[in-house]
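Enquirer: can't give you the sequence, but here's the structure:
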């Protein structure tokens with residue numbers, strides 16, 4: 001199995017978020033739980049889907065990095081940078 005992280009969007013803000021090992025949601029992929037067991041990943045995903053504070057939860061491919069999980073596909077790398085509209089989210093300060 002390719003390592004995965006669980007990602008979703010925060011219901012109220014729409015920001016991309018990632019599930020941590022201690023069942024918290026973080027706006028930083030490097031804080032996400034890196035899942036390397038398929039059965040564990042499916043159980044964690046079911047838990048995430050039952051959380052009423054997020055929408056669109058799914059397992060995304062990731063790679064271990066020096067500072068935690070890193071995205072391996074363009075879509076996930078793009079999501080780490082926040083909304084593409086500079087007036088919102090992570091890019092607002094730019």
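Expert: That came through, no problem. Keep in mind that what you see is a predicted model, and the values were worked out from it rather than measured.

Enquirer: give me the neighbour count for the nearest residue to residue 64 once chain neighbours are set aside.
Expert: Spatially, and ignoring its direct neighbours in sequence, residue 64 is nearest to residue 34 (5.9 Å; CB to CB, 6 or more residues apart in numbering). Heads up, the C-betas are built off the backbone N, CA and C, glycines and all. Each residue near residue 34 was counted by other CB atoms under 10 Å, and the total is 17.

Enquirer: and residue 34, how far from residue 81?
Expert: 20 Å (CB to CB, to the nearest Å).

Enquirer: all helices for the protein, in order.
Expert: With helices called from DSSP state H, the chain shows them at 38-49, 74-80.

Enquirer: okay, these in JSON lines with mean pLDDT and mean neighbour count next?
Expert: Shown next, in JSON lines, are these (pLDDT from 0 to 100; neighbours: other CB atoms under 10 Å):
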{"stretch": "helix 38-49", "mean pLDDT": "96", "mean neighbour count": "14"}
{"stretch": "helix 74-80", "mean pLDDT": "90", "mean neighbour count": "14"}
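
Enquirer: just put those helices in JSON lines and tack on distance to residue 61.
Expert: Formatted as JSON lines, the helices of the chain follow (distance: least, CB to CB, whole Å):
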{"stretch": "helix 38-49", "distance to residue 61": "11"}
{"stretch": "helix 74-80", "distance to residue 61": "7"}
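
Enquirer: so which of the ones you listed gets nearest residue 27?
Expert: With CB to CB as the criterion, residue 27 lies closest to helix 74-80 of the helices of the chain, at 8.9 Å.

Enquirer: the longest strand that the chain contains packs against which elements?
Expert: Ranked by residue count, the top strand of the chain under DSSP state E comes out as strand 54-63. Judged by 3 or more CB pairs under 8 Å, 6 or more residues apart in numbering; DSSP states H and E, the packing partners of strand 54-63 are strand 4-10, helix 38-49, strand 70-71, helix 74-80.
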